[in-house]
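Visitor: Just a sequence and a predicted model for now, questions to come.
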Amino acid sequence: MPIDSPLPPPHTLAMISQADLLSALRGFWGYDTFLHLQEKIVRSLLDGHDTCAIMPTGGGKSLCYQLPAALLPDRTVVVISPLIALMQDQVAQLDQMGIPASFLNSSLKGPQQTELIKRACKGAFRLLYLSPERLARADTVGWLRKVPIALFAVDEAHCISQWGHEFRPDYLQLSRLRTQFPGKPIAAFTASATQHVRHDIIAQLQLRDPDKYIASFHRRNLRHTVAQCTGETQHDLLVKALRAHSGESVIVYSPTIRRVGEIVSFLEQNGIPALPYHGKMEPRARRTNQERWTSDEVRVLVGTIAFGLGINKAGVRAVIHLSLPKSIEHYYQEAGRAGRDGQPADCVLLWQKRDEGLLAHFIGQITDAEEIERAWQRYNAIKRFVESKVCRHRQICGYFGENLKATSCHACDVCGATPDWFPKPAPAKPPAREVAAAKKALASPSSRQRPHPQMPAASQPERDLREFLREWRQTVAREQRVPAYFVMHDSSLDDLCRLRPRSVSELLQVHGFGERKIKTYGQQIVEALNRFRAGARVVEKPKVKPSPPRRWFAAAAAGSRGT
């Protein structure tokens, strides 16, 4: 079959059965079932259709194009990714799963790039990650035509729309994919896109009668808490929130670089270890701090909004904003870094009146008239979000065009679900019509309020085992110079504590353990569990300086844009 021809006919790909899909899902990822819409999207791509998929953070977008790549021998899925950090992180994880993948960007030296291109043209990779800037280079299309491409997957596709909150001009070059590779399917993926942006993505990429998959924007496991503060009350609430999440991973977003340092110092004065992260730090220090946080050595990271791009840490239990985000889209993406494992997590927004002036100042720096209009629309939307007494989840879903039918989300401060540390509002006498409506609601058992679900309390033996396995994971991660979640996610660690397998074969029952991961770590894990059964426990050790991280951390800290 010629290199530039489309995928094999649908009837050939239809031979990939449900059993084949589940076998690959289990073998590579260690999952027994697909998340919502994943299987439909995978089938759409295998059938050679153009596709537009809108899935929230933590919804499993990357698996949707990685699984078809794993199932298509001698074909390559070309992934367009906006950040070096994103592509390097994904390639490193694919390598651990045994799926051939690589990236081409400025972090590689000239001879390395030449060799990689030669291998790509021979079909050596199931996935090849490129930046939009790299794709726009005059020499790229020539050699890319020699690659046995299965399809193009455009990640963070909202960047192609001028109505998107992170518009990037280089993404406009992707409209050439249709004319330069007319026989290749194109799939667009993003976590946050309004109806207007979704239509623009389809138009800009010239998708042909695409299959459209839009997952719900309702993240039920997230509890939203919003409060307008003074400087003093903000600090007080921040400390209370972090103490409530003691021993858990937390991201604190600071509005400015200067305040990052101030907040870290303030927290340390209050006995809360924290790490700073911002663009003006020395790169090595920034990388080291990121590695210490991802490896659970220090649980609280205080950073600017650049932090989190390309970070795939599933067990973040809280994200705390200390200023108004630029838009609902930004808030949704940043807060959505909490609870990616599906477990309950807190999203806390502690803002001050002065934040309005800061956002207005940034808008004043814009020169394009249309962009100014869009910026003010986003400003007004985020102001309504924090000031309105309408359910937070309902507002978020409505912004993205989804009508949340439930009258109460049971997981936000407006609906009465606030953390224990959050001050309870003084009771006010409601209007008579609201009293009548409340009485009617209480008469209906189905409408009674449910508390936000909490993580089950662990007994002391379970806590001891969890900390023992955390220490083992951190040691292995340090030795291999990878983040701790590369070794295993927190959800897998929880499963290990629950199942306590006694043999390598029993590890197949653990969520997130595929065949490659079991081959790599299986015997070590069984031995660690045996040591625990024999009485071994975590011993306090002096702090060890982390090993220098591998190259895929080099740009992650700065959220570098690829070339």
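Guide: In hand now; what should we look at?

Visitor: CA only for contacts and neighbour counts going forward, please
Guide: Fine.

Visitor: surely residue 293 meets residue 299?
Guide: Yes. At 5.8 Å, residue 293 counts as touching residue 299 under the criterion of C-alpha atoms under 8 Å.

Visitor: which residues are in contact with both of these two?
Guide: Common neighbours of residue 293 and residue 299, counting by C-alpha atoms under 8 Å, 6 or more residues apart in numbering, are residue 249.

Visitor: Provide a list of residues in contact with the nearest residue to residue 69 once chain neighbours are set aside.
Guide: Leaving aside its chain neighbours, residue 69 sits nearest to residue 126 (5.3 Å; criterion: C-alpha to C-alpha, 6 or more residues apart in numbering). Applying C-alpha under 8 Å, 6+ apart, we find residue 126 in contact with 69-70, 72-77, 99-101.

Visitor: and these, which are buried?
Guide: 69-70, 72, 74-77, 99-101 (16 or more other C-alpha atoms under 10 Å).

Visitor: Make a markdown table out of these and add pLDDT and distance to residue 168.
Guide: Putting those into a markdown table (pLDDT from 0 to 100; distance: C-alpha to C-alpha, whole Å) gives the following:
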| residue | pLDDT | distance to residue 168 |
| --- | --- | --- |
| 69 | 96 | 27 |
| 70 | 94 | 30 |
| 72 | 87 | 31 |
| 74 | 86 | 32 |
| 75 | 94 | 29 |
| 76 | 97 | 25 |
| 77 | 97 | 22 |
| 99 | 95 | 30 |
| 100 | 96 | 29 |
| 101 | 97 | 25 |
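
Visitor: Mind checking which of those residues are in strands?
Guide: Among these, DSSP state E puts 76-77, 101 in strands.

Visitor: which residues of the stretch 1-150 of the chain fall in helices?
Guide: For the stretch 1-150 of the chain, applying DSSP state H, counting those that start in this stretch gives helices covering 10-13, 18-24, 38-46, 61-71, 84-97, 110-121, 132-136, 140-144.

Visitor: Between those, which one is closest to residue 235.
Guide: Among the helices of the stretch 1-150 of the chain, the nearest to residue 235 by C-alpha to C-alpha is helix 84-97 (31.7 Å).

Visitor: burial measure for residue 246, as a count.
Guide: 13 (other C-alpha atoms under 10 Å).

Visitor: ok, now residue 236?
Guide: Neighbours around residue 236, by other C-alpha under 10 Å: 12.

Visitor: Use 44 as the first number for this chain going forward.
Guide: Taking 44 as the first residue, the last one we looked at is residue 279.

Visitor: tell me the pLDDT at it?
Guide: We note a pLDDT of 96 for residue 279 in this prediction.

Visitor: packing partners for whichever helix or strand it is part of?
Guide: Assigned by DSSP states H and E, residue 279 belongs to helix 274-287. Helices and strands touching helix 274-287, by 3 or more C-alpha pairs under 8 Å, 6 or more residues apart in numbering; DSSP states H and E: there are none.

Visitor: buried stuff in that helix?
Guide: Neighbour-count burial for helix 274-287 [16+ other C-alpha under 10 Å]: 277-278, 280-282, 284-285.

Visitor: could these be laid out in CSV, adding distance to residue 259?
Guide: Converted to CSV, the buried residues of helix 274-287 look like this (distance: C-alpha to C-alpha, whole Å):
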residue, distance to residue 259
277, 32
278, 34
280, 31
281, 30
282, 33
284, 28
285, 29
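
Visitor: Go through the helices of the stretch 44-193 of the chain and name the closest to residue 253.
Guide: Taking the helices of the stretch 44-193 of the chain one by one with C-alpha to C-alpha, helix 81-89 is closest: 9.3 Å.
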